[in-house]
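# I would like the atomic coordinates for the input below:
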Amino acid sequence: MGKIKIKQIGSPIRRPKVQRQMLIGLGLNKMNKVVELEDTPEVRGALRKLPHMVAIVD
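A predicted model of the protein is given here:
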């Protein structure tokens, strides 16, 4: 599979603990941080749970 770049656009402050843990699991912990991950069903599922906090970058 290919790679996917993800950028954190939302703050984890006042969010449920599960959402904060998902961000950390994706390698995101600071605003506007960009990480490159393998495009797997697990990553896609985490992105679907956090559409208000992450964005896919070109």
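# residues contacting Gly2?
By CB atoms under 8 Å, 6 or more residues apart in numbering, the contact set of Gly2 is Glu38, Asp39. Where C-beta positions appear, they are placed from N, C-alpha and C, glycine not excepted.
# Look up how far Glu36 lies from it.
Computed as CB to CB, to the nearest Å, the Gly2 to Glu36 distance reads 10 Å.
# which SS state does Gly45 fall under?
helix (DSSP: H, G, I helix; E, B strand; the rest coil).
# What's the local residue count around it?
Gly45 has 10 neighbouring residues, counting by other CB atoms under 10 Å.
# Find me the pLDDT at it, would you?
On the pLDDT scale, Gly45 is placed at 97.
# Kindly report the same for the one 5 residues further on.
Among the per-residue scores, Leu50 shows a pLDDT of 96.
# Go ahead and confirm it touches Ile24.
No - contact criterion CB atoms under 8 Å: Leu50 and Ile24 do not qualify, at 11.6 Å.
# any idea how far Arg15 lies from Gly2?
Using CB to CB, one gets 29 Å for the distance from Arg15 to Gly2.
# Could I get the full set of helices for the protein?
17-26, 41-49 (DSSP state H).
# about what we covered before: give me the more crowded residue out of Leu50 and Ile24.
Per other CB under 10 Å, whichever of Leu50 and Ile24 has more neighbours is Leu50, with 20 against 10.
# quick one on the thing from earlier: any chance of a markdown table for the helices of the chain, columns distance to Ile9?
Below are the helices of the chain laid out as a markdown table (distance: least, CB to CB, whole Å):
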| stretch | distance to Ile9 |
| --- | --- |
| helix 17-26 | 11 |
| helix 41-49 | 12 |
